[in-house]
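> A structural model of the following input is requested.
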Amino acid sequence: MWLWNLVPEDYRKRFIRILEQNRGLVVVLFCLPASFLFDLVLKVRHWTVRQLSAGPEFHDKRVKDIQAKVRIWNTEDPKKRKLLCTSRPNWLSLSVTFFKKEECQQIPIPLYDILELNEEKLTVRVEPMVTVGEITKFLIPKGYTLAVTLEIADATLGGLAMGVGMTTYSHKVGLYQEAVKAYEMILGDGSLVTARRDNEHSDLYFALPWSHGSLGFLTALELEIIKVKPYLHMKYIPIKGQKNYSDAIREASGALDKNKNVPDFVEATVYSKNEAVLMVGNFADSPSVMEWGKINHLARWYKPWFYEHVRSFLTKGEDSEYIPLRDYLLRHNRSIFWVVESMIPFGNEKLFRLFFGWLLPPKPAFLKFTTTPGIRAITFTKQVFQDIVLPINKLEEQIAISEKLFDTYPILVYPCRIYDHGEHKGQLRPPREDQMVPGTNYGMFNDIGIYGVPGPVKRKEKFDAVKALRQMEQFTRDVGGYPFLYADIFMTRSEFEEMFDLTLYESVRVKYHAEGSFPHLYDKVKPEIDVVEVGKQYIDPL
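Okay, here's the model as predicted:
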């Protein structure tokens, strides 16, 4: 990085411009092969770690080893010792930021195992480094899946628990945190506790979601699972008119009627202000021989990217098909939603998919591992990556302000329950009265996913990314929403505390020895660079 900083700014921008103009070829010729090899090395590394120190029967020993390291840290001079964090490299996380781990005492957390499946209680106990890809491979053949999961195979279950996650099943169960039965945690004093919503550590239980590793070290999770069938019967419904598709999404999610018989899965992809495709799916058994032609193995390397497959129904009209369940759950994995399109504009062409599709997706870890300061700046000044939880009764306003600020489509919409657990029961405030589903203890919200290159950047116009994202944050605060904190935030500390309720969080930090042991939540999630200053440097087109 220091070499990059020695290069004159004009030459840096010229180099970035060349990469931008030829990004597809650069990614195909260099990034994809390197990413593939990088992934092989990681798999060998993980396999070696598992062979040497893994195995469910060794969980307690591994936890005690971590406790011992924390206790040794506690014997050091409090005035000189660094705060604690995991030794997991920044490039292995799905966050776009680079927390300055070099300023902390890094503790290894080698916890990669699936510990126990309890089919009677419908729970699975896992260590935090188990990935979505691994747990779906384990559960689906047995007839189960997580109640809340994610579409990206590399996401870890511990990362989702300490951050946030949702799925197209979330209109029935809520955010990822609602499906967590228990957290096993090592605290700042080295003690081990299990937090449940109804035990003596219930305050910790409610504070852990959205805490991003700032309250302790997670060592195990007990997660709710649901019984499933091998297929999903998916219906694609193209809708014209913003009010029409917004009303249809609200109705399908059960936002208007608590007694509505809702589908198992509900999502929508918005392709312009006035057109969207609503998708409603239900678990299904294997289709009859007569319907085999309607089975779509959409996760295969040569298949069209899912969002482009969905787009085709805008012209074909309403239709349905059967999708193998794991293919559906990881439907956005190959194209990382539609992010890969900005890297490889021709990536969805038939010949490319046929010959190179097996190399996709470029591994997020590799992309972060190879990030230079210039590329890091582009991640927010010339692109947008935002997932935001917003009240679904403001869906039309969400689409309108997204178009005004970023002018980029498609836009993802996942309906999701947000429960009212009472005042100061975590970082999320209770839903407002007008956001509640009548007669229930939850409001219906939605994730709006905005990814890609903003319109002004595509048109080579000036684009003030900081101004646009701060306006989006202001809208989010005004309507009572919350951004996922894996993405860059542009809020001041006071604005952050206005958005999130940190009352319980702050008391838990003191009670459970996180104060003076782990970085504060705001410090963990704020960008590691001066986004305002960098934003000024990149307002002009490259």
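
> Quick check: residue 238 vs residue 319, distance?
9 Å (C-beta to C-beta, to the nearest Å). Quick note: C-beta positions are derived from backbone N, CA and C, even for glycine.

> ditto for residue 361
From residue 361 to residue 319 the distance is 27 Å (C-beta to C-beta).

> before we move on, what about residue 460?
38 Å.

> These two: which is more packed in?
When neighbours are counted by other C-beta atoms under 10 Å, residue 460 and residue 319 differ, and residue 319 comes out ahead with 13 against 10.

> mind listing what that one touches?
Neighbouring residues of residue 319 by C-beta atoms under 8 Å, 6 or more residues apart in numbering: 235, 236, 313.

> What of residue 210?
163, 164, 177, 426, 427, 428, 482, 485, 500, 521.

> just so I have it, where are all the helices in the stretch 251-400 of the chain?
With DSSP state H, counting those that start in this stretch as the criterion, the stretch 251-400 of the chain has helices at 306-311, 313-316, 325-329, 339-343, 350-356, 364-369, 373-381, 395-405.

> Give me the mean pLDDT for the last one.
Confidence over helix 395-405, taken as the mean pLDDT, stands at 98.

> From the chain's centroid, how far away is it?
Remark: helix 395-405 is offset 21 Å from the chain centroid, using C-alpha atoms, centre = their mean, to the nearest Å.

> Only the buried residues of that helix, if you could.
Under the neighbour-count criterion of 16 or more other C-beta atoms under 10 Å, helix 395-405 has 395, 398, 399, 401, 402, 403, 405 buried.

> Just send those residues back as JSON lines, with distance to residue 277 too.
Below are the buried residues of helix 395-405 laid out as JSON lines (distance: C-beta to C-beta, whole Å):
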{"residue": "395", "distance to residue 277": "15"}
{"residue": "398", "distance to residue 277": "17"}
{"residue": "399", "distance to residue 277": "14"}
{"residue": "401", "distance to residue 277": "21"}
{"residue": "402", "distance to residue 277": "17"}
{"residue": "403", "distance to residue 277": "17"}
{"residue": "405", "distance to residue 277": "23"}
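
> Just the pLDDT at the closest residue to residue 165 other than its chain neighbours, thanks.
Of all residues not flanking residue 165 in the chain, residue 176 sits nearest, at 3.6 Å (C-beta to C-beta, 6 or more residues apart in numbering). Confidence at residue 176, expressed as pLDDT, is 96.

> tell me the centre residue of the chain?
residue 165 (5.7 Å; C-alpha atoms, centre = their mean).

> Is that residue in contact with residue 173, as I believe?
No - between residue 165 and residue 173 there is no contact under C-beta atoms under 8 Å: 11.5 Å.

> joint contacts of these two?
residue 148.

> ok, and for stretch 123-138, which residues are buried?
Under 16+ other C-beta under 10 Å, the buried positions of stretch 123-138 are 123-136, 138.

> Quick check: chain neighbours aside, which residue is closest to residue 203?
With sequence-adjacent residues excluded and distances taken as C-beta to C-beta, 6+ apart, residue 203 is closest to residue 508, at 5.7 Å.

> For the one you found, list the residues it contacts.
203, 204, 207, 215, 514.

> Looking at those residues, spot the one nearest residue 189.
Checking the contacts of residue 508 against residue 189 by C-beta to C-beta gives residue 514 as the nearest, at 9.8 Å.

> Assign that closest one to helix, strand or coil.
coil (DSSP: H, G, I helix; E, B strand; the rest coil).

> gap between the spatially closest residue to it that is not a sequence neighbour and residue 156?
Nearest residue to residue 514, sequence neighbours excluded (C-beta to C-beta, 6+ apart): residue 215, at 4.7 Å. For residue 215, the distance to residue 156 equals 17 Å [C-beta to C-beta].

> Then residue 421?
Taking C-beta to C-beta, one finds residue 421 at 25 Å from residue 156.

> higher neighbour count, those two?
Neighbours were counted for residue 421 and for residue 156 using other C-beta under 10 Å; residue 156 has more, 26 against 15.

> Unless I'm misreading it, that one sits right up against residue 127, doesn't it?
No - assessed by C-beta under 8 Å, residue 156 is found out of contact with residue 127, at 9.5 Å.
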